[in-house]
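**Q** Structure of the sequence below:
(one chain, ligands or ions: 1)
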Amino acid sequence: MNENMWKPDRQAKTPIYRQIAGHMEGRIRSGEFPPGSVLPSERKLAAMLRVNRTTVIQAYEELRSLGLVERAVGSGTRVAGPAAGTVKTPNWRQYLESGTFLPNVPAMRRIRSELNVEAPVIDFASGELSADLFPNDIVRKLLQERPYSGYLGYDDPQGFRPLREALSRFLRRYLNVEASESSLIVTSGSQQSLFLITHCLLQPGDAVAVEDPSYCRSLSLFESAGLKVLRLRADRREGLDPDDIVALHRRHRLKMIFTNPNFQNPTGTVLSAERKRRLLDVAAEWGIPIVEDDPFSLTAFDGNVPPPLRSMDAGGQVLYIGSLSKIAASGLRIGWLAAPGSVVSRLADARRQMDFGLSTIPQWVAAEFLDSGEFDRHLRDLRLKLAYKLDSLRVALDAHLPGETEYRVPEGGLNLWVQWRRPIDDLRLFEQAVREGVVYVPGSVYGSDADCFRLCFARPRLDQIEEGVVRLSEALRKIAGPTPS
Ligand SMILES: Cc1ncc(COP(=O)(O)O)c(C=O)c1O
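**A** Down below sits the predicted model:
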């Protein structure tokens, strides 16, 4: 077999770079490339296989991480190791495929790998703030004026007590959520709250309902835990219909409902107060806990924060998850979960087994930040800047993709959910967009809406937004031709 005959299968689920790595690994193991021999250059192999050079680089990097090749600038990629047969390299591939934790969905891995290369890609894909929106000055000032001199031993796995106290005040003041410090656990972002809930409160085979489309749909986390993930259709105007839960529960005995009711990711929808009440009633009637994932409420551009479900929950059905990632800085890795005391203890115990709890220093920074007047100023400023960025994106879409897209303008959150007006092969378009130097998240990652895509307007710098849309329109023209008149 040689490169002239073998080509990666572009329809296959396995990413192209992995197919190439697998193919080259086979040739190395078969002895076609003995130890010390030089593999084809990145450029040559890319041309032979008709793929990007970055894809070959990824494949070679994968072989390097498996210990099969050595790479050095100037001397190319060589097959590693002494003479064949003297050392038996572990079959890392077999190990990689046997862990219980599944890899992320292919499109998300592809986005990550594009963002890791040095070429400047405009990033509408990452769901986070751009670096200029992070409160760097405030954090620097806090650290300079009040150097941390607190405890540096293993902390309470439930979280740094002063932060839990600050969070309790913060939740009451900004979100009308009552949660005592003892009912809170500080986590390494909402992601860890979801992980802990999944692994401590559910079992393989349990049925859970998630919105479709939704962030949770893209989480391999649920599948790794062996959960049966059922979709709740969320329409773009009003979000999920609580009465659909009844039908789903009758058929599947739901163990939990995961929802992001305010400025939902990806649609930006806010569940109406009426639907929120109905959702709580349905959950109460059947005794099903709701996990409310609420990272975006405080981004409400006009400051009118929609009430979280948890603020309306009289029956203790809602496990409430929040985070500083979307309103301050994702790299602080500060999230929280408000839950009944027994649930908090169970999760904190798991936490102790996993990592002995978070570092106290970022928790201390977060507590100081939340309690200072600086947080209020930061939030007001952030809302204005987010609204301005969204506006710039709308102007660019209307100017450079006229007649091609449809969208509802959200009143908060970081994302614009956009629908194509004509049929588009979403994964082909995505690949072309990568070639043009722009990334976003194709709709199919979030569920069944392959005619849609998500643009995170918060992530690119303001001065990159128009250029990003120009690149996207170029990709569309190359894949689907000019806009039909
Ligand atoms: C709805 C939703 N939940 C949770 C998360 C995870 O955020 P973090 O772990 O940074 O708090 C994200 C991140 O994109 C999100 O969009």
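
**Q** ok, what's across the strand from residue 319?
**A** residue 291 (DSSP bridges).

**Q** Could you tell me how many residues sit around it?
**A** 24 (other C-beta atoms under 10 Å). Yep, even glycine has a C-beta here, placed from its N, CA and C like the rest.

**Q** if I pick it, what's in contact with it?
**A** 197, 289, 290, 291, 292, 337, 338, 339, 343 (C-beta atoms under 8 Å, 6 or more residues apart in numbering).

**Q** phi, psi of whichever residue of the stretch 101-250 of the chain sits closest to the ligand?
**A** Proximity of the stretch 101-250 of the chain to the ligand (C-beta to the nearest ligand atom) peaks at residue 189, 2.6 Å away. Residue 189 adopts backbone torsions of phi 80, psi 170, taken as degrees, to the nearest 10.

**Q** One more: residue 256?
**A** Main-chain torsions, residue 256, degrees, to the nearest 10: phi -160, psi 150.

**Q** Surely it and residue 198 touch.
**A** No: in terms of C-beta atoms under 8 Å, residue 256 does not count as a neighbour of residue 198; the distance is 9.0 Å.

**Q** Which segments of this structure make up each domain?
**A** 16-98, 106-133+377-480, 149-372 (automatic domain parsing).

**Q** The last one: how far from the chain's middle?
**A** Computed by C-alpha atoms, centre = their mean, to the nearest Å, the separation of domain 149-372 from the middle of its chain amounts to 15 Å.

**Q** what does stretch 12-29 give?
**A** Centroid separation for stretch 12-29 versus its chain: 26 Å, with C-alpha atoms, centre = their mean.

**Q** Which positions in it come out as buried?
**A** Residues 15, 16, 17, 18, 19, 20, 21, 23, 24, 25, 27, 28 are the ones in stretch 12-29 that count as buried (16 or more other C-beta atoms under 10 Å).

**Q** Mind listing residues that contact it?
**A** 1, 6, 8-10, 33, 39, 45, 49, 51, 55-56, 58-60, 62-63, 66, 68-69, 79, 93, 106, 109-110, 113.

**Q** what helices or strands is the helix or strand hosting residue 353 leaning on?
**A** In this structure, residue 353 sits in helix 341-355 according to DSSP states H and E. For helix 341-355, the packing partners by 3 or more C-beta pairs under 8 Å, 6 or more residues apart in numbering; DSSP states H and E come out as strand 184-187, helix 190-201.

**Q** Can you lay out these as a markdown table showing mean pLDDT and mean neighbour count?
**A** Below are the helices and strands packed on helix 341-355 laid out as a markdown table (pLDDT from 0 to 100; neighbours: other C-beta atoms under 10 Å):
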| stretch | mean pLDDT | mean neighbour count |
| --- | --- | --- |
| strand 184-187 | 98 | 26 |
| helix 190-201 | 96 | 20 |
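
**Q** quick one, which of these is nearest to residue 73?
**A** Judged by C-beta to C-beta, the one of the helices and strands packed on helix 341-355 that comes nearest to residue 73 is helix 190-201, at 35.8 Å.

**Q** Quick check: the gap between residue 302 and residue 392.
**A** 18 Å (C-beta to C-beta, to the nearest Å).

**Q** Name the residue in those two with the higher neighbour count.
**A** Per other C-beta under 10 Å, whichever of residue 302 and residue 392 has more neighbours is residue 392, with 18 against 9.

**Q** and residue 397, that's in a helix?
**A** Yes: secondary structure of residue 397 (DSSP: H, G, I helix; E, B strand; the rest coil): part of a helix.

**Q** so it makes contact with residue 469?
**A** Yes: assessed by C-beta under 8 Å, residue 397 is found in contact with residue 469 at 5.9 Å.

**Q** When the two are compared, which one has more neighbours?
**A** The neighbour count for residue 397 versus residue 469, taken as other C-beta under 10 Å, is higher for residue 469 (26 against 21).

**Q** Quick check: chain neighbours aside, which residue is closest to the more buried one?
**A** Leaving out its chain neighbours, the residue that sits closest to residue 469 by C-beta to C-beta, 6 or more residues apart in numbering is residue 396, at 3.9 Å.
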